[in-house]
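# Following is a predicted model, sequence given first.
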Amino acid sequence: MTTLTCLMLAAALLPALTAVAAKAGGRAFDNNEPRAWLASQQGWRARANAAQANAFEALPFFFAALLLALHNGAAASYLAALAGAWLALRVAYAALYIAGLGTWRSIVWALALAVNIVMLFAAA
């Protein structure tokens, strides 16, 4: 179970990594009004902020699929492999989003979604 717990923690921290990417080193960053500052950003910083939002959006399905599969008796080692694949895909997704590679980003997003669906039915 420890591996799954660590993977869940890493998934939960992924939005924070993209937030740091969006804000780190930005000129005139205002931590009192971060949303207004982020809304004014362009280029890779704006894409990093969008990747942060998408990372938050992806978490509920990931956690639900993983927990349902565990509840239904799926093998923890199989789920760890799927969760690790999902996490790797989501890290790649964030990198592709920040780099502005939209087509590849969409392909990786679809692959991560497919992994979630497989996880959802892992114990079937």
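Nice, thanks for sending it over.
# mind listing what the nearest residue to residue 61 once chain neighbours are set aside touches?
In space, and not counting its chain neighbours, residue 61 is closest to residue 116: 5.3 Å by C-beta to C-beta, 6 or more residues apart in numbering. Yep, even glycine has a C-beta here, placed from its N, CA and C like the rest. By C-beta atoms under 8 Å, 6 or more residues apart in numbering, the contact list for residue 116 reads 61, 62, 65, 86.
# Helices of the protein, start to end?
2-23, 34-39, 43-71, 76-99, 102-120 (DSSP state H).
# Just list what the longest one packs against, helices and strands only.
When contacts are defined as 3 or more C-beta pairs under 8 Å, 6 or more residues apart in numbering; DSSP states H and E, helix 43-71 packs onto helix 2-23, helix 34-39, helix 76-99, helix 102-120.
# okay, now the nearest residue to residue 4 once chain neighbours are set aside: neighbour count?
Spatial nearest neighbour of residue 4, excluding adjacent residues (C-beta to C-beta, 6+ apart): residue 80 at 5.5 Å. Neighbour count of residue 80, defined by other C-beta atoms under 10 Å: 17.
# name the helices or strands packed onto the least confident helix or strand in the chain by mean pLDDT?
Within the chain, no helix or strand scores below helix 34-39, which has a mean of 87 by mean pLDDT, DSSP states H and E. With contacts taken as 3+ C-beta pairs under 8 Å, 6+ apart, helix 34-39 sits against helix 2-23, helix 43-71.
# out of the ones you listed, which comes closest to residue 112?
Judged by C-beta to C-beta, the one of the helices and strands packed on helix 34-39 that comes nearest to residue 112 is helix 43-71, at 7.1 Å.
# Just want the angle from that closest one to helix 2-23.
Here helix 43-71 points in a direction 160 degrees away from that of helix 2-23 (axes from the mean of the first three to the mean of the last three C-alpha atoms, to 10 degrees).
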